[in-house]
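K.L.:
need a structure here:
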Amino acid sequence: MAAARVLSPLLSFARMEKLKNWAGNLAYGTDRLHPASSVDEVRAFVKQEQKLKVLGTRHCFNDIADSKDNLLSLKPMDQVVALDAASHSVTVAAGITYGQLSPYLHEKGFALHNLASLPHISVAGACTTATHGSGEKNGNLSTAVRGLEFVNAAGEVLKIARGDEAFQGVVVGLGALGVITNITLDLQPTFMMRQYVYENLPLDQLKDHFDAIEAGAYSVSLFTDWQKKRLNEVWLKSRTEPGRAFDAKPEFFGAKLAKKNLHPIAELGAENCTEQMGKPGPWYERLPHFRMGFTPSAGKELQSEYFVPRKHAVEAILAMERMRDQITPHLMISEIRTIAADELWMSPAYKRDSVAIHFTWKQDWPSVSRVLPLIERELAPFEPRPHWGKLFTMEPAVLKSRYERLPEFVSLTKKFDPPGKLRNAFLERNVL
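P.N.:
Numbering: from 1, shown residues only. Presented below is the predicted three-dimensional model:
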């Protein structure tokens, strides 16, 4: 009864409008959203409920976090629990976002190795879905995880750290193993960055010099609409330390240095984008594409993304370019980024250096749902793995075949959640 009083549903959602994800393309299966502000409240809620899912910052485009029974929000749990300067690590509560955490770390003299395009996403949610940034030597965000605290289906608090048995299976847990309450991340000394944008990189240059282009900066993003045999924009994010700084010449492999700040979609204004034109700034104000002060609410878009082995990057990109007339009518922009291999069982970059080919679509699911199978068919020779939080139509049997440690991961779900409290339609369909 006490837990029920503490974790009363946020009924405003039920009375006002259907609870949806940030893009508005997904209406969740229940309006019973329960906030928790402490580990004890999480434990009480997990014990009393038969079925639940944890809802983060709602940036997933599919039903990976959906429930028809109960949704648990850890948004009130957004504290920095401990900063350990000696071990270069920080422990944070599960509701904190990168936009909240990063300025604090910078002020204390520390930095994270990478960030995603948006700083608005929660640390725990990003790590459990293997969300990524960019950089040929940079792993996805979950590779910074040093330890986790989570509540299992029995309401018990468990801790697991790097080096422990099954650690590599737990980090990218897809919300299937328990409710993450604390997460510990590796840190490095803080650093400054500059960001430059180049326009109209010839496709032939990409074909002939892909590795050199990707090695051009600490983080590299290529944006394209797949038309005109060129990449629309190249975003180069460079650290300012000696030996790392990017020499911004007028041309970069045939692309021209931009004369003003740009949005990834050139027709849109750049006021919400992070500073460019080589102006120095802290890492957390350059690694994302968008400013924290910009709230990406109700983004009228859909997103898909596929990871392919880096050794097949050029072939995969050219395969998509050949589909330009099928893709472009439904597309807002595509982004191409590299991600280093890791050892996390359910990471799309597991044991292979990867290139992620991302699609930001117009919000027209009937059209997108018809083109995704065509993309997946063209990428099939390269054994693509879709981003766990974005839209795909890949057959579950094919998806499961791409993860060699999947049987062991399924065993972990049975160990930590024997009654299946955290199972939902997405997991039943694609994982379990």
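K.L.:
only C-alpha atoms for contact and neighbour calcs from this point on.
P.N.:
Fine.
K.L.:
enumerate every residue touching residue 56.
P.N.:
By C-alpha atoms under 8 Å, 6 or more residues apart in numbering, the contact set of residue 56 is 73-75, 95, 121-122, 125.
K.L.:
so which of the residues you listed sit within helices?
P.N.:
residue 125 (DSSP state H).
K.L.:
of the contacts of residue 56 - the most surrounded one?
P.N.:
Using other C-alpha atoms under 10 Å as the neighbour criterion, residue 125 leads the contacts of residue 56 with 29 neighbours.
K.L.:
and the residue lying closest to it once chain neighbours are set aside, how far from residue 95?
P.N.:
Spatial nearest neighbour of residue 125, chain neighbours left out: residue 56 (5.9 Å); criterion: C-alpha to C-alpha, 6 or more residues apart in numbering. Distance, residue 56 to residue 95, by C-alpha to C-alpha, to the nearest Å: 7 Å.
K.L.:
need the CA coordinates for stretch 217-232. PDB is fine.
P.N.:
Extracted in PDB, the C-alpha atoms of stretch 217-232 (Å, rounded to 0.1, in the frame of the first residue of the first chain):
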ATOM      1  CA  ALA A 217      39.200  13.900 -37.200                       C
ATOM      2  CA  TYR A 218      38.300  12.500 -33.800                       C
ATOM      3  CA  SER A 219      34.700  12.200 -34.900                       C
ATOM      4  CA  VAL A 220      33.400  12.200 -38.500                       C
ATOM      5  CA  SER A 221      29.900  12.300 -39.800                       C
ATOM      6  CA  LEU A 222      28.900  12.100 -43.400                       C
ATOM      7  CA  PHE A 223      25.400  13.400 -44.400                       C
ATOM      8  CA  THR A 224      23.800  12.600 -47.700                       C
ATOM      9  CA  ASP A 225      20.500  12.500 -49.600                       C
ATOM     10  CA  TRP A 226      22.000   9.900 -51.900                       C
ATOM     11  CA  GLN A 227      21.600  12.300 -54.900                       C
ATOM     12  CA  LYS A 228      24.100  13.900 -57.400                       C
ATOM     13  CA  LYS A 229      26.900  11.500 -56.700                       C
ATOM     14  CA  ARG A 230      28.100  13.300 -53.700                       C
ATOM     15  CA  LEU A 231      27.900  13.600 -49.900                       C
ATOM     16  CA  ASN A 232      26.100  16.800 -48.900                       C
END
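K.L.:
buried ones in that stretch?
P.N.:
Of the residues in stretch 217-232, 217-227, 229-232 count as buried by neighbour count, 16 or more other C-alpha atoms under 10 Å.
K.L.:
so which pair among those is furthest apart in space?
P.N.:
Pairwise distances across the buried residues of stretch 217-232 (C-alpha to C-alpha) peak at 26.9 Å, for the pair 218 and 227.
K.L.:
pretty sure residue 99 contacts residue 119?
P.N.:
Yes: shown here, residue 99 and residue 119 form a contact pair, counting by C-alpha atoms under 8 Å, at 4.7 Å.
K.L.:
which one of these two has more residues nearby?
P.N.:
The neighbour comparison of residue 99 against residue 119 (other C-alpha under 10 Å) goes to residue 119, with 25 against 21.
K.L.:
confirm that residue 366 sits in a helix.
P.N.:
Yes: judged by DSSP: H, G, I helix; E, B strand; the rest coil, residue 366 forms part of a helix.
K.L.:
what about it, neighbour count?
P.N.:
8.
K.L.:
then residue 417?
P.N.:
Counted with other C-alpha under 10 Å, residue 417 comes out at 19.
K.L.:
overlap in contacts, residue 56 and residue 95.
P.N.:
Joint contacts of residue 56 and residue 95 (C-alpha under 8 Å, 6+ apart) are 74-75, 122.
K.L.:
mind pulling up the pLDDT for the nearest residue to residue 53 once chain neighbours are set aside?
P.N.:
Distance criterion C-alpha to C-alpha, 6+ apart; nearest residue to residue 53, sequence neighbours excluded, is residue 71 at 5.1 Å. Reported pLDDT at residue 71 in the predicted model: 98.
K.L.:
overlap of the contact sets of residue 99 and residue 119?
P.N.:
Joint contacts of residue 99 and residue 119 (C-alpha under 8 Å, 6+ apart) are residue 292.
K.L.:
just so I have it, where are all the helices in the stretch 1-150 of the chain?
P.N.:
Taking DSSP state H, counting those that start in this stretch, the helices of the stretch 1-150 of the chain run over residues 2-6, 11-16, 39-48, 98-107, 123-128.
K.L.:
ok, now the stretch 151-300 of the chain?
P.N.:
Applying DSSP H, counting those that start in this stretch to the stretch 151-300 of the chain gives helices spanning 167-170, 203-214.
K.L.:
who are the packing partners of the last one?
P.N.:
This points to helix 203-214. strand 230-239, helix 313-322 (3 or more C-alpha pairs under 8 Å, 6 or more residues apart in numbering; DSSP states H and E).
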